[in-house]
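In: Structure, please.
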Amino acid sequence: MKVVYLGLLFCEESLQEAYKAAKGQVQIAPHAFQENLLSGMKKCVGTELAVINVPPIGSFPFNYKKLFSKTYRWGEENVQIGYLNVPVVKHWTQKRKIEKMLRTYLKTGEKICVVAYSLYEPFLQVIKKLKKKYANLTSCLILTDPVPGREDFDRFMTEKHKKRGDKLVSLAKSIDGFVLLTKYLAETAEVGERPFTVVECVGKTDQPACARNENPKNICLYAGVTNKAYGICELVEAFIGMENAELWVCGVGDAKEYLEATAQKYENIKYFGFVSRERVAQLQNECDFLINPRRPTGTYTKHSFPSKTVEYMMTAKPVIMYKLEGMPDEYDEYLSYLTGENTEAIKRELTAVFETNYNLLADKGQRAREFVLRNKNADVQAQKIVDFLNTCL
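Out: Numbers count the residues shown, from 1 in each chain. Below you'll find the model as predicted:
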C-alpha cells in the first residue's frame, strides 16, 4: 500500500527562511511532531512513503514577510509545494497542486492511503473530491489540536469561529480513520463509529540527555508560549520571595511585558524572550528542573498533550507539571505533579519538591527518558500508525 502524507511542517531550508520572515512565533511543536513521525514512518514504509508538504506559515503581508513560498524537493517523492502566499489564492493554489499530485498516484490503480495532518481545509477538500472518483483511495486524519470554535479555551470565540469548526468537521466526514492526540478528541471531532487510535506523542530518539547536576540550585526552566492563559503569571508569582530557587523563562506571548518587568525587579526570575533551539538546549543543561505551568482547567486540556512533556522527559532532567486530563496514567510515575491553583499552593508544592533528595528526582528523570526511548520513540509510534492503516482501513 502506498502512503501519501499531506503535511504541515518545514524542510530545513524553509525552516530557516521562516525564522527570518515570520512576524510571529514559528510553529515548531507541530513541525517537530511530524518530523519525528515521518522519520519513523520512513523506516516502516520505506519507498512506499511519499510526502506532499505545505509549510505552516502566515499570509503576506500581515503575518509573513515574503510574498512567495518556494518549492523544495528532497528525496525522490518528497515535495514542498510553492505558491503565492496571499489569502484565498494560497489555498486555491495548494488544492490544485495537491490534487494533481494525488491523481498521479491514484491513476496507477494501486491502493493509496492518504494520511493528512490537521483539520487543514485544502487537505480535506481535496480528499473529499477525490474519494468520489477513486475507489482505491483511503484516508486517515492525524488530529493533534482541538476543533476550532468548540473549546471554552477560545475566550474570544465568535459565531464565525464556530461555523468554521463545523465546516471542517463536516469536510472530515469523508475521512476513513483517525489518529488522535487524546481519546477525548473523538467526540469533539465527531468521529462516531469510524476507527481511531491514540498517539499522544512521538519521541525524538536522537535527542541527547542533559548532564546531571551534582550541585543543584533549584533552577527551574520553562521554554514555550508565555500566554497568561497557560498559568505562567501564577508560576512567576510563586517564585517571588522564594529563597534558594530561580525561575528561567524562554518564549513569547501575551505575558511578555509582565515577564520583562518582573525579571527586572526580582533577581531570582530571569526572562530570556524568544531564543533558538540551541540556546534552549544550553539552558536545559544548566537548570535543575524543567517545569510547565499549564493547568487542567477547561475542556481544552482534555484534548491536549503538550509536546514539551516528552521533550522534557528526553532530557533526563526532573520534570514538574500539572497532570492534564488527556495524559495517560502511564506517565504518572515519571513526573512530579503540581495540583495547586493559587500562588501560595504552588509555592508550597514547589518547596516540597525542592526539599526532596535531588538524586532521587534525577533518577526519576533518567527513568522518564528510558520510558520514552522504549515506548514512545518515533519507530514505535510510527509502527502503531502503520499497523492501524493496514488493519482498519
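In: so residue 109 makes contact with residue 136?
Out: Yes: here residue 109 reaches residue 136: they are 6.1 Å apart, a contact under CB atoms under 8 Å. No exception for glycine: its C-beta is placed from N, CA and C like everyone else's.
In: who has more neighbours, those two?
Out: A direct count of neighbours by other CB atoms under 10 Å for residue 109 and residue 136 places residue 136 higher, at 15 against 9.
In: Not counting residues beside it along the chain, what's closest to that one?
Out: Spatially, and ignoring its direct neighbours in sequence, residue 136 is nearest to residue 111 (5.1 Å; CB to CB, 6 or more residues apart in numbering).
In: pretty sure that neighbour contacts residue 48?
Out: No: counting by CB under 8 Å, residue 111 stays clear of residue 48, with 10.4 Å between them.
In: which residues touch residue 353?
Out: With contacts defined as CB atoms under 8 Å, 6 or more residues apart in numbering, residue 353 is in contact with 289, 318, 320, 336, 361.
In: Assign it to helix, strand or coil.
Out: What DSSP: H, G, I helix; E, B strand; the rest coil gives for residue 353 is helix.
In: Return the distance of it relative to residue 287.
Out: Per CB to CB, to the nearest Å, residue 353 is found 14 Å from residue 287.
In: what do the two both touch?
Out: By CB under 8 Å, 6+ apart, no residue touches both residue 353 and residue 287.
In: Can you list the low-confidence ranges for the stretch 101-250 of the chain?
Out: Within the stretch 101-250 of the chain, the segments meeting pLDDT under 70 span 152-157.
In: Tell me where it has strands.
Out: 112-117, 137-143, 177-180, 196-198, 219-223, 246-250 (DSSP state E, counting those that start in this stretch).
In: can I get the ones you listed in TSV with distance to residue 33 and mean neighbour count?
Out: TSV is the format used below for the strands of the stretch 101-250 of the chain (distance: least, CB to CB, whole Å; neighbours: other CB atoms under 10 Å):
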stretch	distance to residue 33	mean neighbour count
strand 112-117	9	24
strand 137-143	9	23
strand 177-180	11	22
strand 196-198	14	18
strand 219-223	16	23
strand 246-250	20	22
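In: Looking at those strands, which is nearest to residue 64?
Out: Counting by CB to CB, residue 64 lies closest to strand 112-117 out of the strands of the stretch 101-250 of the chain; the figure is 19.9 Å.
In: now for the closest one, which elements pack on it?
Out: Judged by 3 or more CB pairs under 8 Å, 6 or more residues apart in numbering; DSSP states H and E, strand 112-117 is in contact with strand 2-7, helix 89-106, helix 121-131, strand 137-143, helix 378-392.
In: got the buried residues for the second one?
Out: Residues of helix 89-106 classed as buried by neighbour count (16 or more other CB atoms under 10 Å): 90-91, 93-95, 97-99, 101-102, 105-106.
In: Show me how far it is from its chain's centre.
Out: 25 Å (CA atoms, centre = their mean, to the nearest Å).
In: ditto for the third one
Out: Its chain's C-alpha centre lies 23 Å from the corresponding centre of helix 121-131 when counted by CA atoms, centre = their mean.
In: Then the last one?
Out: For helix 378-392, the distance from its own C-alpha centre to the chain's C-alpha centre is 19 Å (CA atoms, centre = their mean).
In: Buried residues of that helix, list them for me.
Out: Of the residues in helix 378-392, those buried (16+ other CB under 10 Å) are 378-386, 388-389.
In: ok and that helix relative to strand 2-7, angle-wise?
Out: 120 degrees (axes from the mean of the first three to the mean of the last three CA atoms, to 10 degrees).
In: Cool, thanks, signing off.
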